[in-house]
Structures are given as structure tokens and as C-alpha cells.
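In: have a look; sequence and predicted model below, questions after that.
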Amino acid sequence: MTTMEQNPPRWAEWLLRSLLRPGDRESISGDLLEEYRVVRRPALGALRADAWYVGHVLSVFWRLLWPFAIAMIALHELNRLVGLPNASLFQAPGVSAQDATLCLLAGYYASQRTGLIRAGVILAGAINAMVVATAFVILAIKEPGLVLLLFRSPGFIFFPSVYLLIGLGFGVAVGSVAGVVGRWLPLPTRGPARMS
């Protein structure tokens, strides 16, 4: 197999290109691909080189994700402590009005930044999935018996999985709307100051 035929996982390459600004898309993905092919793959082997590549892609993803994830978690904690009104479609984590608002903001920001609708979908879906997962982690810390129940009866994993899929689906749906709006309705830009 020649060096040019050695490629990292396609999904990771697609995700990386989805998250980068248009001006950075070719240079960053090209540099990372070149280092993967020339340096990492020969030195580390296929599996470890793939892990290295995926780690770099996830670090780019995390840079987009963390401000919105922190805001989402902080809002949920504030809501829990103060009891702010928070309309929810139904009793499930990740489907409230504040979740929708943050998913809209994240999706809009990502699509504005990259010029791609799918970037808004990916970011909003990931944030909402993270919120649902965080809710289950907090629940597991508060009620350790529930974790033991999952080990005793693995069929109960169905319920958290369904909630995770609901949260992910809600985030993807809201992110799709935000991505379309962000792609076609840019933020107003300020022109240069006028001298009178």
C-alpha cells in the first residue's frame, strides 16, 4: 500500500472538514493528513495512527463544543438551584426551552463559522446528547442503586438509551433549523466608521 492510499477513518476526516472555517479547511486538514501519512502511520501503525488522528479531530470538536456545554450545564444547575421556569415538551432531559435556545445558538454559531449547515446540526446534536448523558451521570451519583440495577438487569439500559436518542434527535432537529438560518442569514456586519 502506497503512502497516498493510507487514509485515516473517513468519518473523522469528514467531521474535521465539517468543523473548520472555509479558509482553514484545506490547509489544516491537508497538514494533518500529511503528518498522518508520512510520520504517524509508519511510526505507530494503522490503529495507533488512527487514534492519533481521531484525537486531533476531537480536540477541534471540543474547542467548538465546550463553551456551549458549560453554558448548558450551568443553566441546568441554576434552574435546579433557583427553580427558574423552564418549559419542556415532555418529561425528558434535553428537551426544554433552554435546551432549545442553546442548541439554536450553537447551531447558528457553527454554521456561521464554517458556512456549513451540517456543522450546526453536529454541534447542537452533540451538545444536547452531552446534556442528557450528564443528567444520567448526576442521577447515577445521587442514586448508585440505579447503576447496580443496570448491571443486574441489562435490559434496563433501554431506558437511558431512549432518552439519549430523544435528546440527540431534539438537538439535531433544532440544530438543523439553526444551521439553515445561520447559513443563509448572516450576522449584520459593522462597516468602517464614517468621518463627518
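Out: Received it, and whenever you're ready, just let me know what you need.

In: what residue ranges in the protein score low on pLDDT?
Out: Scanning the chain for pLDDT under 70 picks out 1-5, 84-92, 186-196.

In: at 90 instead, please
Out: Scanning the chain with the threshold set as pLDDT under 90 gives 1-6, 69-102, 127-170, 182-196.

In: can you pull out the helices in it?
Out: 10-19, 22-35, 41-44, 46-82, 97-114, 117-142, 144-152, 158-184 (DSSP state H).

In: in the third one, what counts as buried?
Out: Translated: helix 41-44. Neighbour counts over helix 41-44 (16 or more other C-beta atoms under 10 Å) mark Arg41 as buried. Every residue, glycine included, has its C-beta placed from N, CA and C.

In: same question for the first one.
Out: Neighbour-count burial for helix 10-19, counted by 16+ other C-beta under 10 Å, picks out Ala12, Glu13, Leu15, Leu16, Arg17, Ser18, Leu19.

In: looking at these, spot the one nearest Val172.
Out: Ser18 (13.8 Å; C-beta to C-beta).

In: residues contacting the closest one?
Out: Residues in contact with Ser18, defined by C-beta atoms under 8 Å, 6 or more residues apart in numbering, are Thr114, Leu116, Arg118, Ala119, Ile122.

In: can you pull the contacts of the fourth one?
Out: I take that to be Ala119. Shown in contact with Ala119 (C-beta under 8 Å, 6+ apart): Ser18, Leu19, Ala110, Ser111, Arg113, Gly179.
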